[in-house]
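**Student:** what's the 3D shape of this:
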Amino acid sequence: MSGLEGTFERRLLDASPEGIVLIDVLDPAQPLVYANPAFERLTGYPAAELIGRNLRLLQGADREQDGRQRLREAVRRGEPCRVLMRNYRKDATQFWNEIHIVPLADPQGRITQYAGFHRDASERLRGVGAASFDVRMPPLPTPITMRDDRLTGLYAAGYFDELLRREYAIAQREGRSIAIFAIDIDALDLYNATFGRAAGDSAIRRVAHCISGCLRRASDAIARTEGGSLVACAPGVEAEQALRIGQTMAERVRELRIHHPRSSVVRYVSVSVGVAAEVPTAEQDCTALLERARAQLGVAKQSGRNRAA
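**Tutor:** Here you go, the predicted structure:
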């Protein structure tokens, strides 16, 4: 909330009876940067305990909600959204959170933050008999598939595998193409050796956010598999278009101008991208297509890196 301390705008936000938060969307982790007193009362969390964290913590283990995916897609598209979600207070009591998010842009039109407006809808839902859930947080299921990669905010590899299998099956049923991208950050080990692991993690986050920006549709998915390796799928994208997208990924990463003095490719951090696409037949599965994308990644590296193949 830099620049708002002590201002009329800050006092207005603090006085609102509705919970209000601000989220930094330029950071891939999408941390909270402000929460007003009404939000503290709603959730039981002091603002100081929430600043710098992603608000998905309010969902506990209850991540499989349509509202969460709708929020994620709206943020990716830069659109406002209103959803109803089960959330959990600090004391583990459940409440229905009516959430309305609105994008905030800078003077150049770039979306930098999201404002979130939160209110407890539990009483209203009980009035129509819509809530019949235990008011305590349920125990964590075992085993649990983690949806998000903690470093980048992208999907975790295990959850991406589930999404890929589902999208591949849909492509088979509907007879349409699906594309897979295998992406590696070039010479990441040398970057870590030069600047340290923390700087390397920061570079991974920036590259991940950049690559994610090349895939803007709600059906697209991207994950970090390990280290500086990413994988993405784009349903409905044919081979020629997929290669152009892969080339765009490499270009956009170069344009970040992350200095890499020990790279043998260029003087900045770069990526190599392997691309594969097909209209799957009934007897095929996604494993072969994923392996083709990884093989093409090898081709891109052998051809000099910093490119798509």
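**Student:** my guess is residue 253 contacts residue 273, does it?
**Tutor:** No: counting by Cβ atoms under 8 Å, no contact exists between residue 253 and residue 273, whose distance comes to 9.2 Å. (C-beta placed from N, C-alpha, C; glycine too.)
**Student:** Mind checking which of these two has more residues around it?
**Tutor:** Here residue 253 and residue 273 are set side by side on neighbour count (other Cβ atoms under 10 Å), and the busier one is residue 273, at 30 against 25.
**Student:** Okay, and the more buried one sits in which element?
**Tutor:** strand 271-278 (DSSP states H and E).
**Student:** Following the chain past that strand, name the next helix or strand.
**Tutor:** Proceeding C-terminally, strand 271-278 gives way to helix 286-302 as the next helix or strand, assigned by DSSP H and E.
**Student:** Would you mind listing the buried residues in that next one?
**Tutor:** Of all the residues in helix 286-302, those buried under the rule 16 or more other Cβ atoms under 10 Å are 286, 289, 290, 292, 293, 294, 296, 297, 300, 301.
**Student:** For the fifth one, give its distance to residue 278.
**Tutor:** Here the criterion is Cβ to Cβ, to the nearest Å. By it, residue 293 lies 10 Å from residue 278.
**Student:** next one: the first one
**Tutor:** Relative to residue 278, residue 286 is positioned 10 Å away (criterion: Cβ to Cβ).
**Student:** Ok, the last one next?
**Tutor:** The gap separating residue 301 from residue 278 is 22 Å, by Cβ to Cβ.
**Student:** same check, this time on the second one
**Tutor:** Taking Cβ to Cβ as the measure, residue 289 falls 6 Å from residue 278.
**Student:** can you map out the helices along the stretch 101-250 of the chain?
**Tutor:** Read by DSSP state H, counting those that start in this stretch, the stretch 101-250 of the chain holds these helices, from start to end of the chain: 122-127, 157-174, 188-195, 197-213, 239-255.
**Student:** The residue nearest to residue 263 when sequence neighbours are not counted: neighbour count?
**Tutor:** The shortest distance from residue 263 to any non-neighbouring residue, by Cβ to Cβ, 6 or more residues apart in numbering, is to residue 187 (4.7 Å). Taking other Cβ under 10 Å as the neighbour definition, residue 187 ends up with a count of 21.
**Student:** circling back: would you turn the buried residues of helix 286-302 into JSON lines with pLDDT and distance to residue 79?
**Tutor:** Formatted as JSON lines, the buried residues of helix 286-302 follow (pLDDT from 0 to 100; distance: Cβ to Cβ, whole Å):
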{"residue": "286", "pLDDT": "93", "distance to residue 79": "30"}
{"residue": "289", "pLDDT": "96", "distance to residue 79": "31"}
{"residue": "290", "pLDDT": "95", "distance to residue 79": "31"}
{"residue": "292", "pLDDT": "96", "distance to residue 79": "34"}
{"residue": "293", "pLDDT": "97", "distance to residue 79": "30"}
{"residue": "294", "pLDDT": "96", "distance to residue 79": "34"}
{"residue": "296", "pLDDT": "97", "distance to residue 79": "33"}
{"residue": "297", "pLDDT": "97", "distance to residue 79": "33"}
{"residue": "300", "pLDDT": "97", "distance to residue 79": "34"}
{"residue": "301", "pLDDT": "96", "distance to residue 79": "37"}
